[in-house]
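Participant: mind looking at a prediction? Sequence and model below.
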Amino acid sequence: MPGNSCAMWPAIEAGASTKEEVHRSVSNAENTAAEVRDVIIVGSGPAGYTAAVYTARANLKPLLLAGSVTAGGELMNTTDVENYPGFPDGIMGPDLMENFEKQAARFGTEIQFEDVTELDLDGDVKTVTIGTGETFKARSIILSTGSAYRELGLPNEKRLSGHGVSWCATCDGFFFKDQDIAVIGGGDSAMEEALFLTKFAKSVTVVHRRDTLRASKIMADRALAHEKISFVWNTGVEDVLGQDKVTGLRLKNLLDGAETELAVTGVFVAIGNDPRTDLVKGKLELTAEGTIAVDGRTSKTSVQGVFAAGDVIDPTYRQAITASGSGCVAALDVEHYLADFHA
């Protein structure tokens, strides 16, 4: 396999077989926070772990600050992943992320499950502060902080995540064959989800708080014309129903206050997505969509020595495989940058 290929290297040693063992193996190293490192990766998930694999194999000795709660990214909340290449029988989201983590650690990545609280990106040497107050310095930074699906904030929404509630039709639509499904939202993303789900579902009901769609005309027209898609207008979702799995929705008409129940076994929430950019607002250029702006197909941000990858730069695709590929790009960009830096 060529050294600059963006495919993931498959070899994973049989040694550290659990997250605790991997964490122990990389945390036993002497704390060298005072030194200036070549690269620090902020955030994990497919982009961060892939960047770690590549930079570690390039002997850049990366430090990956994976986060305490968000380590592994959105795939930690996903059950079966059947569209990631190399797993013909599918793989659980957390298991896939554990494999990524082991692979990064195998090549020498130092992984700390800490949250970054502050970034100083000025000058040739950047400073990263974590929740304990400890600081680390590096010549380059890769940001792979990901994005978060907006939630409805309902009592049972999170509890039934992975049991009928989803935020990604591309990821989970296949599991709802011949079922009645609801899509919550009225924008382009909601129409895309609804149209995609018609490939599998018996019916798709779009629940929207207004009486017209916010989606572009072409997307709205496609959805309105589709025989499998129906609409419930001027209606909010009060709660998701079901004990061990989704059985329906409790709805409230926003005009007259009447409450009804909609029998569905799947609920796809499509009310938007927010890139995690709080750490860099006012420090890096952002796009109109709120993602970190990068130069063309590179991972270079508006600040020299700072690179970004994954969902935090991607308002469109937001897939594990595209995030992984951009993590590879970021690692290669860092290699080239450091070669020039040291020249």
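Facilitator: Thanks, I have it.
Participant: quick one, strands of the stretch 201-343 of the chain?
Facilitator: Ranges of strands within the stretch 201-343 of the chain are 203-207, 229-232, 235-241, 248-253, 259-262, 266-269, 273-275, 306-308, based on DSSP state E, counting those that start in this stretch.
Participant: list the contacts of the closest residue in space to Phe231 that isn't next to it in sequence.
Facilitator: Ranked by Cβ to Cβ, 6 or more residues apart in numbering and with sequence neighbours excluded, the top spatial neighbour of Phe231 is Val206, at 4.9 Å. Every residue, glycine included, has its C-beta placed from N, CA and C. Neighbouring residues of Val206 by Cβ atoms under 8 Å, 6 or more residues apart in numbering: 182-186, 190-191, 194, 223, 229-232.
Participant: hang on, the earlier thing: switch the strands of the stretch 201-343 of the chain over to TSV; also include distance to Ile91 and mean pLDDT.
Facilitator: Listed next are the strands of the stretch 201-343 of the chain as TSV, based on distance: least, Cβ to Cβ, whole Å; pLDDT from 0 to 100:
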stretch	distance to Ile91	mean pLDDT
strand 203-207	27	98
strand 229-232	31	98
strand 235-241	26	97
strand 248-253	30	97
strand 259-262	32	97
strand 266-269	21	96
strand 273-275	24	87
strand 306-308	27	98
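Participant: and those strands: which comes nearest Arg214?
Facilitator: Closest to Arg214 of the strands of the stretch 201-343 of the chain is strand 203-207 (Cβ to Cβ; 11.7 Å).
Participant: paired strands for the closest one, with orientation please.
Facilitator: Under the criterion DSSP bridges, strand 203-207 sits next to strand 180-184 (parallel), strand 229-232 (parallel) in its sheet.
Participant: which ones are touching the closest residue to Ile130 other than its chain neighbours?
Facilitator: Leaving aside its sequence neighbours, Ile130 sits nearest to Glu114 (Cβ to Cβ, 6+ apart; 4.2 Å). Counting by Cβ under 8 Å, 6+ apart, Glu114 makes contact with 65-68, 130-132.
Participant: distance-wise, check Glu114 relative to Gln179.
Facilitator: Remark: distance between Glu114 and Gln179 (Cβ to Cβ, to the nearest Å) = 41 Å.
Participant: please apply the same query to Pro315.
Facilitator: To Gln179, Pro315 is 29 Å away according to Cβ to Cβ.
Participant: for Leu64, same thing?
Facilitator: 39 Å.
Participant: the two: which is more packed in?
Facilitator: Counted by other Cβ atoms under 10 Å, Leu64 and Gln179 do not tie: Leu64 has more neighbours, with 29 against 17.
Participant: name the helices or strands packed onto the helix or strand harbouring the more buried one?
Facilitator: In the assignment (DSSP states H and E), Leu64 maps to strand 63-65. Secondary-structure packing of strand 63-65 (3 or more Cβ pairs under 8 Å, 6 or more residues apart in numbering; DSSP states H and E): strand 36-42, helix 45-57, strand 110-112, strand 135-143.
Participant: dump the C-alpha coordinates for the longest one into PDB.
Facilitator: In other words, helix 45-57. Extracted C-alpha coordinates of helix 45-57, given in PDB (Å, rounded to 0.1, in the frame of the first residue of the first chain):
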ATOM      1  CA  GLY A  45     -13.600  10.600  15.500                       C
ATOM      2  CA  PRO A  46     -12.700   9.200  12.100                       C
ATOM      3  CA  ALA A  47     -10.900  12.400  11.100                       C
ATOM      4  CA  GLY A  48      -8.800  12.800  14.200                       C
ATOM      5  CA  TYR A  49      -7.800   9.200  14.500                       C
ATOM      6  CA  THR A  50      -6.900   8.900  10.800                       C
ATOM      7  CA  ALA A  51      -4.800  12.100  11.100                       C
ATOM      8  CA  ALA A  52      -3.100  10.400  14.200                       C
ATOM      9  CA  VAL A  53      -2.300   7.200  12.300                       C
ATOM     10  CA  TYR A  54      -0.700   9.100   9.400                       C
ATOM     11  CA  THR A  55       1.200  11.600  11.500                       C
ATOM     12  CA  ALA A  56       2.400   8.900  13.900                       C
ATOM     13  CA  ARG A  57       3.600   6.800  11.000                       C
END
